[in-house]
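*Asks:* next input, structure requested:
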Amino acid sequence: MSNNAKFVVLVLVLIFATNFICSPETEEADLAVDQSEEQAIAAEPEESPVVETDPCSDLLAAHPAQLEHITSLLGPEGRVGQAGLRAESGWRIKSKSHGNAWYVGAWITGAAERQFGVWLVSQDPTSPGMTNSVSLAAERLSPVIPKGRSTRYDTSPDDEESLQLERCAVAP
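*Replies:* Have a look, this model is predicted:
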């Protein structure tokens, strides 16, 4: 077979292959495959990790000594049992801004009262120290102690820890 014949055969093979590869039926089949793959991909749910965090997971039960300490500061004169008010149950969370201190949220009951207040209590939970009222309810229920917003601690009812305690407060 001469070189010219080989060249003609090669050209015919290329023409045939080009027509087959680029034929309308092949393009339609390829398009149908592409569309079905896209639909399958679109139908698959996105795999994104669902992270559900419990906003109350950082809270610990208030230590009984903290509740007794808060009870001792309730009422107009801050004496134990004053006006029959008691801190009955509550939670605590370590302060992020104030070294050795805890935000303590407690349910105050007695004398037709049932309110949730938040205080900043320094020291170890087993032996509470200096205390400041943080929430407006705490300011009203324990007027003899300093308001945190007017001390060097500069606390606020809008502090992250205070808001977390308020959100997670569940009546005993």
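
*Asks:* okay, and for this structure, where does confidence drop off?
*Replies:* Applying pLDDT under 70 to the chain flags residues 1, 8-14, 16-52, 77-83, 170-172.

*Asks:* switch the cut-off to 90
*Replies:* Scanning the chain for pLDDT under 90 picks out 1-58, 72, 74-85, 88-89, 97-99, 110-114, 140-158, 168-172.

*Asks:* can you show me the strands along it?
*Replies:* Assigned by DSSP state E, the chain shows strands spanning 60-61, 86-94, 101-110, 113-122, 131-133.

*Asks:* tell me which of these sits nearest to Ser162.
*Replies:* strand 113-122 (4.7 Å; C-beta to C-beta). For every residue, glycine as well, the C-beta is placed using N, CA and C.

*Asks:* and that closest one with strand 86-94, angle?
*Replies:* Counting by axes from the mean of the first three to the mean of the last three C-alpha atoms, to 10 degrees, strand 113-122 lies at 40 degrees to strand 86-94.

*Asks:* which residues does the nearest residue to Thr131 once chain neighbours are set aside bridge with?
*Replies:* Once flanking residues are discounted, Thr131 sits nearest to Val121: 5.0 Å by C-beta to C-beta, 6 or more residues apart in numbering. Beta-bridge partners recorded for Val121 (DSSP bridges): Trp102, Thr131.

*Asks:* I'd say Val121 and Gln66 touch.
*Replies:* Yes - in terms of C-beta atoms under 8 Å, Val121 counts as a neighbour of Gln66; the distance is 5.7 Å.

*Asks:* okay, and the common contacts of these two?
*Replies:* Residues touching both Val121 and Gln66 (C-beta atoms under 8 Å, 6 or more residues apart in numbering): 92, 102, 104, 128.

*Asks:* and these, which is closest to Ile15?
*Replies:* Comparing the shared contacts of Val121 and Gln66 against Ile15 with C-beta to C-beta picks out Arg92 as the nearest, at 84.1 Å.

*Asks:* contacting residues for the closest residue to Pro125 other than its chain neighbours?
*Replies:* Nearest in space to Pro125, with sequence neighbours left out and distances taken as C-beta to C-beta, 6+ apart, is His63 at 3.7 Å. With contacts defined as C-beta under 8 Å, 6+ apart, His63 is in contact with 92, 125-126, 128.
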